[in-house]
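In: Model the following, please.
(chains A and B)
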Amino acid sequence: MNIEELEQIADSVRLENQKFDHEINVCMGTGCLSQHSDKLKDALTAAVTAEGKTCHVRRTGCMGLCAAGPLVLVDPGEILYQHVKTEDATTIAKSLGGEAVAELQCNLREHFEEQVHIVLENSGHIDPEKIDDYIARDGYKALMKALTEMTRNDVIQQITESGLRGRGGGGYPTGLKWSTVAKAGGDLKYVICNGDEGDPGAFMDRSVLESDPQRVLEGMAIAAYAVGASKGYIYVRAEYPLAVNRLTIALRDARRRGLLGNGICNTSFNFDVEIRLGAGAFVCGEETALIASIEGKRGTPRPRPPYPAVSGLWEKPTLINNVETFANIAPIVRKGGKWFAAIGSERSKGTKVFALTGKITNTGLVEVPMGISLRQIIEGIGGGVPDGHTFKAVQTGGPSGGCIPAHMLDIGVSYDALVKIGSIMGSGGMIVMDDTSCMVNVARFFMEFCMTESCGKCIPCRAGTAQMFTLLTRICSGVGTMEDLELLEELCSTVKETSLCGLGQTAPNPVLSTLKYFREEYIDHIVHKRCQAGVCNIQAQMEVVA
Amino acid sequence: MSAFTPPPLPSEDKRWKIVNGTMRKNGFARHALIETLHTVQSSFGFLDDDAIRFVATTLRVPLSQAYGVATFYHYFTLKPPGKHTMTICTGTACYIKGTAKLLAAAEKHLCVCEGQTTLDGKVSLMTARCVGACGRAPVVLTDGELKGQMTDEQMIEQLERWQAE
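Out: As a prediction, this is how the structure comes out:
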């Protein structure tokens, strides 16, 4: 495979597409598939044939607006249809070349206009199971460029210049990580893609892997070239069968096309990737725990240093990045680090994909430039809180993050700004809560999660999360005292400061942030034995006690 | 050091060949333990003592480590599942959209707690930590098939259909 051959494939796909007068893209991500968009695609194929239209009906990945699924995008014209049923197939087929079907049309200009798509640029436009579709949209050009025109240092230089920071949540500068691994000695190194998206309420990685798996593989291959690795692992949750399936197909096709394997692009660069399935352990999102899991052991973290960049998988230098980080690599190499650095805020560059869920009108996946305000995301893109309820808080960062109250919605989204107000960027879960959510109960929910997911290796996390959970349960059932609250705060700081890994160190965050911004709800539960949101059901429990 | 001979398959059951296949593909390396347990679970539905023993011996992993791994990860189950499985997602988005009520309704209807199977072996009630379909919350999996925006009534209806079988 060389650059000419790559162009030939791209041209032949474009030529093939030009044969059709129309294109119908059907979303077949997990969300829309659960509403039988596969059957819808078959119906549309049959309908366009029956109507005698020359139309290409294509399976695509996620289009983002999961709330309005199944989604169908018709080209030319970029007409988006929502809640499309199999019965609507003929109507849509008939409308091709004429007026759009008004009653199915989705008119959410604001939702799409404020987004900037880099990671998701192909999602909803290509068939994730066809490598040639990806190649036709500049796929693998970046890898070719890196291998034939750039030295390893050039690549790292571009990534450093782009200002890209780890999208898994930590926000560690990617260029710095790469150069550490590149400098590490030894001829055997590994590249690992962390797709263990354990944060409940987040599905960015799933969506990227389902919609554009080749992009992640290309990013990994470029990384491997830059750091001098020849073997990669991609660690995916077993709970994501569709993502695993599409990745398997993507790997097979990339090997067939000579874009993975030995002597890629007629150079001496060898690289291949293997899939490793997670088995339902949140702690495996932590890099050292993930490495233990790939080695076939229990996923328990170990103290750092040594960092995986020096001693990782099988004690070899290992580069671990998140799915979304790898998905950003190809465009950066293609367009240059400066282009990327021009997007976003001062210390957080580029875009971030968020999974916008909870009590919000337009649930789904959004990609926004860093620095955009939370208000723009929630009220503009998200369409606000539905059913006449009022906004109460937005939770970012999952079990390691915090709840942000209404009066802070105007802050811009960046790694540093979110840490400053007691939350974190996290991997990208953004859960909106309205007046029907009790913040004490939310804290209890996350604590229960951390308690069950604690691996048990270090005592502060294992025992601390359990004790905090008991205290929160007492408060939620109306038997908590002010002393309990004091003890809870004390435990929070102990667990935060003494736990071994990120899970324990951040487990108190949901409690701390709700205590900071919604203390009156805790007092309400303890002193007035009352839960304003009506979630905790204190009255019923008090009656049982009496 | 004498060459290692893998132990014979536990029985004639063809599924053991699939399990053995996974181990062979990985060169019977110790790190294939989790991969192999995945294959056992997808072939047999759960991990029993015989399976763990067989995998551990074949991969030359201490039995304690194999058992440790099998019990550490939530995805693995050591109990046979019922004929049908209702999995209720308890991720954050589903929690905000009231999954606790769904779970309570299912527990009451089936008279079992989460993680258990009804006495007649027809339905298992499980919970999952986020299946990543948060846009459609609350979500359940009926025999692995994802169903979004679930209501108590729809779920009970499904459970009743299974119980009547």
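
In: Near chain B, which residues of the stretch 51-200 of chain A? Just list them.
Out: Proximity of the stretch 51-200 of chain A to chain B (C-beta under 8 Å from any C-beta of the partner chain) is limited to residues A:66-67, A:69, A:197-200. Placement of C-beta: from N, CA and C, glycine included.

In: ok, these vs residue B:85, which is closest?
Out: Closest approach between those and residue B:85, by C-beta to C-beta: residue A:200, at 19.7 Å.

In: May I ask which of the residues of the stretch 51-200 of chain A next to chain B has the most neighbours?
Out: Among those, residue A:197 has the most neighbours (other C-beta atoms under 10 Å in any protein chain shown), with 33 neighbours.

In: Just give the closest residue to residue B:15, not the sequence neighbours.
Out: Nearest residue to residue B:15, sequence neighbours excluded (C-beta to C-beta, 6 or more residues apart in numbering or on different chains): residue B:43, at 4.2 Å.

In: how about the residues of the stretch 51-200 of chain A next to chain B in TSV, adding pLDDT and secondary structure?
Out: Formatted as TSV, those follow (pLDDT from 0 to 100; DSSP: H, G, I helix; E, B strand; the rest coil):
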residue	pLDDT	secondary structure
A:66	88	helix
A:67	87	helix
A:69	83	coil
A:197	91	coil
A:198	86	coil
A:199	88	coil
A:200	88	coil
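
In: Tell me the strands beside the strand ranked longest in chain A, with direction?
Out: The strand that spans the most residues within chain A, counting by DSSP state E, is strand A:351-358. Counting by DSSP bridges, the strands paired with strand A:351-358 are strand A:364-369 (antiparallel), strand A:429-434 (parallel).

In: between these, which gets nearest to residue B:128?
Out: strand A:429-434 (15.9 Å).

In: In chain B, which residue sits closest to chain A?
Out: residue B:135 (2.5 Å; C-beta to the nearest C-beta).

In: Identify the residues contacting that residue.
Out: By C-beta atoms under 8 Å, 6 or more residues apart in numbering or on different chains, the contact list for residue B:135 reads A:31, A:66-67, A:69, A:203, A:355, A:357, A:363-365, B:148.

In: Looking at those, which gets the smallest pLDDT?
Out: Least confident of the contacts of residue B:135 in the model: residue A:69, at 83.

In: excluding its backbone neighbours, what's nearest residue 67?
Out: With no chain named, the answer covers chain A. Residue A:67 sits nearest to residue A:363 (C-beta to C-beta, 6+ apart), 4.2 Å away.

In: Please refer instead to chain B.
Out: The shortest distance from residue B:67 to any non-neighbouring residue, by C-beta to C-beta, 6+ apart, is to residue B:52 (6.0 Å).

In: Check the secondary structure at that neighbour for me.
Out: Of the three states, residue B:52 takes helix under DSSP: H, G, I helix; E, B strand; the rest coil.

In: what about residue 56, helix or strand, and which?
Out: All of this refers to chain A. Using DSSP states H and E, residue A:56 maps to strand A:55-60.

In: Actually, chain B is the one I wanted.
Out: Going by DSSP H and E, residue B:56 is part of helix B:49-59.

In: That helix: which residues count as buried?
Out: B:51-52, B:54-56, B:58-59 (16 or more other C-beta atoms under 10 Å in any protein chain shown).

In: what's that helix packed up against?
Out: Secondary-structure packing of helix B:49-59 (3 or more C-beta pairs under 8 Å, 6 or more residues apart in numbering or on different chains; DSSP states H and E): helix B:15-25, helix B:33-44, helix B:63-72.

In: mind running it again at 7 Å?
Out: helix B:33-44, helix B:63-72 (3 or more C-beta pairs under 7 Å, 6 or more residues apart in numbering or on different chains; DSSP states H and E).

In: before we move on, the earlier item: using CSV, list the CA coordinates for the following helix or strand past the strand holding residue A:56.
Out: Counting by DSSP H and E, the next helix or strand C-terminal to strand A:55-60 is strand A:72-75. The C-alpha coordinates for strand A:72-75 follow below in CSV (Å, rounded to 0.1, in the frame of the first residue of the first chain):
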residue,chain,number,x,y,z
VAL,A,72,-32.1,9.1,8.8
LEU,A,73,-30.0,11.7,6.8
VAL,A,74,-30.9,12.3,3.2
ASP,A,75,-28.4,13.8,0.8
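
In: partners of strand A:72-75 in the sheet?
Out: Partners of strand A:72-75 in its sheet, by DSSP bridges: strand A:22-27 (antiparallel), strand A:79-81 (antiparallel).

In: circling back: how about the buried residues of helix B:49-59 in CSV, adding pLDDT and distance to residue B:30?
Out: As requested, the buried residues of helix B:49-59 are exported to CSV (pLDDT from 0 to 100; distance: C-beta to C-beta, whole Å):
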residue, pLDDT, distance to residue B:30
B:51, 95, 17
B:52, 96, 15
B:54, 96, 15
B:55, 97, 11
B:56, 97, 10
B:58, 96, 10
B:59, 96, 5
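
In: and of these, the nearest to residue A:173?
Out: residue B:59 (39.1 Å).

In: residue contacts, that closest one?
Out: Residue B:59 makes contacts with B:23, B:28, B:30, B:32-33, B:36, as judged by C-beta atoms under 7 Å, 6 or more residues apart in numbering or on different chains.

In: Neighbour-wise, which one of those leads?
Out: residue B:36 (26 neighbours).

In: Closest residue of chain A to chain B?
Out: residue A:66 (2.5 Å).

In: Please name the residues that touch that residue.
Out: Residue A:66 sits in contact with A:31, A:363-364, B:135-136, where contact means C-beta under 7 Å, 6+ apart.
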